[in-house]
Structures are given as C-alpha cells and as structure tokens.
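Engineer: Would you be able to build a 3D model of this:
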Amino acid sequence: MNALEIKNLTKSYPDFTLDNLNLTLPSGCIMGLVGENGAGKSTTIKLILDMIHKDSGSITILGRDNGDNIKLTKEDIGVVLDEVGIPECLTVNQVGKVMKHTFQNWNDAEYSRLVQKLALPDKKQFKEFSRGMKMKLGIAVAMSHNSKLLILDEATSGLDPVVRDEVVEMFSEFTRDESHSVLISSHIVNDLEKLCDYIAFLHKGKLLLCEEKDLLREEYGLVHCSIDEFQAIPFNSVKYKKENAYGVEAMVLRNAVPSDIHISPISIEELFVFMVKEAK
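Structural biologist: Numbering: from 1, shown residues only. A predicted model of the protein is given here:
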C-alpha cells in the first residue's frame, strides 16, 4: 500500500493554480517537496489534510480517500505546519497532557524522550519559545502518537544546522519501519538531499518532475567546457545551458553525452535551479 497517492489534483485561485498534480509516495519512504515561495507546496499540503477543498482530482492517504473518515485518518498522520498551532499559554508538560486526550495512541514515554532529545525547556510557556523551539515541539508532538505518515511543511525552518541534522536523523529513523512514511516540504534543499528517497519539484503550480533521488543523480549531470567543446555535445542531451567568458555550463542527460566528455555529479539544489530556469 502506498502512503499517499495524488491523481490529477487541481486547485485554482484568482492569481494561482495548482495544475493537475500527480504524486505517489510509497510506504517506508521519504519524499521531499521542493519549490520556490508560491510554487504550491503549502497549497498541496492543505489539500492533503482537507483544510481546503480541491477543484478536481483525488487524494488517497494510507489507502483511504482523504474526504472519507478524515478524522480517523488523522490519527495516523503527524503534522507540522509552518505555524505550529499550540496555545501560547501552555508549557511542554501541559502540551503532553492535552495531546494525551487528543490522540487515541498518544505515547507519553516517546513524547518525553523526544522532548529531552530536542532539549526543550519544560517550564517555559510556548509564547516564550523561539521559532526553532516551536518547530521542535511540533515535531515531538507529531512523532508521539504512533503516526504512520508525517506531513511536514518547512519543519526544519528556523533550526540551527546542528539541530537540523538531528531532526533529519530522527526522520530517517522513523522510516526504518516500512509502514512509516514522510512528506516534507522545504526551501533548504540540502536537508532534503540528505534525507529523501524521492524528490518532487514544483514550479508555479506545476510539477516539473517527481523521481527517486538516486535515479535523478544517475540521469542528470553537469558539463563545464569551452564553447568549442560544447559543439560536440548532442543538442537533445542538453536540458539547460549558460555561457560566460570562461565557457559553458550545462545540465545534461548523461546517457546521451559522448563518453569522452567529462560529466560532473549534480546536486539536487543545482538540478532544481536548472529545472526552474528551463521552465521559464
């Protein structure tokens, strides 16, 4: 069973359209949703959670349509949005007590372990937390009620590099159970590159591609060469190029480039930047 299936999903606003989105997240995997501000990442997540209504298409979560028994389905979903919706007057311990009466499968011991691991103060009120501390508490709650699917919108935003690395490791541990999956959006592409099995690129409401991360690295590469050397590269292998005084930098399809031309590895961030430029 797939953790998430999105088919032909569309949502239109006066100044933006999420256009015919198709995504599949297999169980036991982590998918990174990448896109610039306004690309449609948050709109997609709100549609998945039935916070806004779709115009057309279908969304299946853990084998259930997200319009059917969504409250039951949400027991199995851990959610961290860009704004963590916790009352400002509550302390960490009080949040745990509230969540115990909110989720049927709340795990006090797991919550305490995560709070300690993330070094969250137990006596400060939520309103006194920094943005990074608020995100950490949201993550602790999301992972403490036996979730099978984590949906995270910019969950690493506001965290320092050391804590981000710890959180990324926590998500990796979570998916070692093959019934667990993660959908995470972020503009910090380096985090997704370390973490994700699948990468989905959104740009202006359209899906540029969705593919296994390792296959993307095998399929695409970078060529740095002189303008004369570039003439030997087949036109149909070049996805994007830019020229400067020093020569040409091009994103290419590896299997269409002659073997005597050196191809450098491409990062997911570089790939996304080139894809967006190609789409303009």
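
Engineer: Strands of the stretch 51-200 of the chain, residue ranges please.
Structural biologist: Taking DSSP state E, counting those that start in this stretch as the test, the strands found in the stretch 51-200 of the chain are 56-61, 64-65, 77-80, 149-153, 181-185, 198-203.

Engineer: Thr10: how many residues sit nearby?
Structural biologist: 15 (other CB atoms under 10 Å). Just so you know, the C-beta spots here come from the backbone N, C-alpha and C atoms, and that holds for glycine as well.

Engineer: who touches it in this structure?
Structural biologist: By CB atoms under 8 Å, 6 or more residues apart in numbering, the residues touching Thr10 are 17-21, 54-57.

Engineer: Single out the most deeply packed of the strands of the stretch 51-200 of the chain.
Structural biologist: strand 181-185 (a mean of 25; mean count of other CB atoms under 10 Å).

Engineer: which residues sit against that strand?
Structural biologist: Counting by CB under 8 Å, 6+ apart, 3-4, 25-35, 41-42, 44-45, 48, 148-156, 171, 174-175, 192, 195-196 sit against strand 181-185.

Engineer: how about a cut-off of 6 Å?
Structural biologist: Residues external to strand 181-185 that are found in contact with it (CB atoms under 6 Å, 6 or more residues apart in numbering): 3, 25, 27, 29-33, 41, 149-153, 171.

Engineer: That one - what's its average pLDDT?
Structural biologist: Average pLDDT, strand 181-185: 94.

Engineer: Also stretch 37-46?
Structural biologist: Stretch 37-46 comes out at a mean pLDDT of 91.

Engineer: now the angle from the lengthiest helix in the chain to strand 149-153?
Structural biologist: In terms of residue count, the longest helix belonging to the chain (DSSP state H) is helix 161-174. Put simply, helix 161-174 runs at 150 degrees to strand 149-153, going by axes from the mean of the first three to the mean of the last three CA atoms, to 10 degrees.

Engineer: how about TSV for the contacts of Thr10, with pLDDT added?
Structural biologist: Output for the contacts of Thr10, formatted as TSV (pLDDT from 0 to 100):
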residue	pLDDT
Thr17	95
Leu18	95
Asp19	94
Asn20	94
Leu21	96
Lys54	94
Asp55	95
Ser56	95
Gly57	95
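
Engineer: Which helix or strand in the chain has the lowest average pLDDT?
Structural biologist: Ranked by mean pLDDT, DSSP states H and E, the weakest helix or strand in the chain is helix 70-74, scoring a mean of 64.

Engineer: would JSON lines of the strands of the stretch 51-200 of the chain with distance to Val257 be doable?
Structural biologist: Shown next, in JSON lines, are those (distance: least, CB to CB, whole Å):
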{"stretch": "strand 56-61", "distance to Val257": "37"}
{"stretch": "strand 64-65", "distance to Val257": "44"}
{"stretch": "strand 77-80", "distance to Val257": "41"}
{"stretch": "strand 149-153", "distance to Val257": "37"}
{"stretch": "strand 181-185", "distance to Val257": "32"}
{"stretch": "strand 198-203", "distance to Val257": "22"}
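
Engineer: Could you identify the buried members of the contacts of Thr10?
Structural biologist: Among these, those classed as buried by 16 or more other CB atoms under 10 Å are 17-18, 21, 54, 57.

Engineer: Reformat the residues you listed as CSV; add distance to Lys136.
Structural biologist: Converted to CSV, the buried ones among the contacts of Thr10 look like this (distance: CB to CB, whole Å):
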residue, distance to Lys136
Thr17, 35
Leu18, 30
Leu21, 30
Lys54, 32
Gly57, 34
